[in-house]
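Asks: sequence first, then the predicted structure:
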Amino acid sequence: MGADTSRSATGHGRSDDRFRTFRGRFGTPTAYGLALLSAGGCTFVALAATGDGADTANRIAIIVFGLLGAVIAWRFGAVRAIPDPTGLTVVNYATTRRLAWAEIITVRFGPNDPWVHLDLADGDVLAVMGIQRADGEHGMAEARRLVALISELGEAPEPGPPSPK
């Protein structure tokens with residue numbers, strides 16, 4: 001009775017769903033809401049204030065403070081990891097880093113870790129703040145999805161002794 005509605009026009013089905021962006025489930029909308037509240041609230045207070053302290057310099061300072069708070073909150077909301085067939089782009093608060101799948105050795109998400117950590121082939125450890133412990137089981141499921149992508153698309157080889165020539 002049914003046509004297969006899970007297939008796209010290209011016939012690939014929903015397998016590309018595995019490449020959806022990793023982002024915090026609760027932290028992201030909360031941060032964006034806080035950014036809007038900070039900018040809007042401080043602007044409202046600055047424009048509505050009356051009395052001795054409501055001079056132009058104070059009004060500007062309150063608006064600038066609200067905008068600074070909004071920018072910081074917006075950066076918190078922007079954390080994510082974007083997978084594609086060739087690698088992973090990790091966007092954290094202050095940095096963005098592009099990784100090929102083969103550069104990622106292991107994924108760590110210990111019980112006390114606030115977010116996923118990647119052990120990289122060059123010895124670095126990179127936090128993936130888009131997969132968060134605060135998201136509970138959703139965060140764990142997203143960590144498992146990341147592990148599956150790494151396993152499928154190019155896990156780096158285990159270091160071993162050099163082969164004899």
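Replies: Sure, I can see it. Predicted model, so just to flag it, every value in this text is computed and none were measured.
Asks: mind listing the strands for the protein?
Replies: With DSSP state E, the ranges of strands along the chain come out as 80-84, 87-91, 96-100, 104-108, 115-120, 125-132.
Asks: looking at these, which is buried most?
Replies: Sort these by mean neighbour count, taking mean count of other CB atoms under 10 Å, and strand 125-132 sits at the top with a mean of 22. (Each C-beta comes from the backbone N, C-alpha and C, glycine too.)
Asks: mind putting the strands of the chain in TSV, mean pLDDT and distance to L67 included?
Replies: Rendered in TSV, the data for the strands of the chain read as follows (pLDDT from 0 to 100; distance: least, CB to CB, whole Å):
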stretch	mean pLDDT	distance to L67
strand 80-84	96	23
strand 87-91	96	22
strand 96-100	96	23
strand 104-108	93	37
strand 115-120	95	27
strand 125-132	95	23
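Asks: could you tell me how many residues sit around L67?
Replies: 15 (other CB atoms under 10 Å).
Asks: do F44 as well
Replies: 13.
Asks: and it, how far from A94?
Replies: Going from F44 to A94 by CB to CB, to the nearest Å gives 29 Å.
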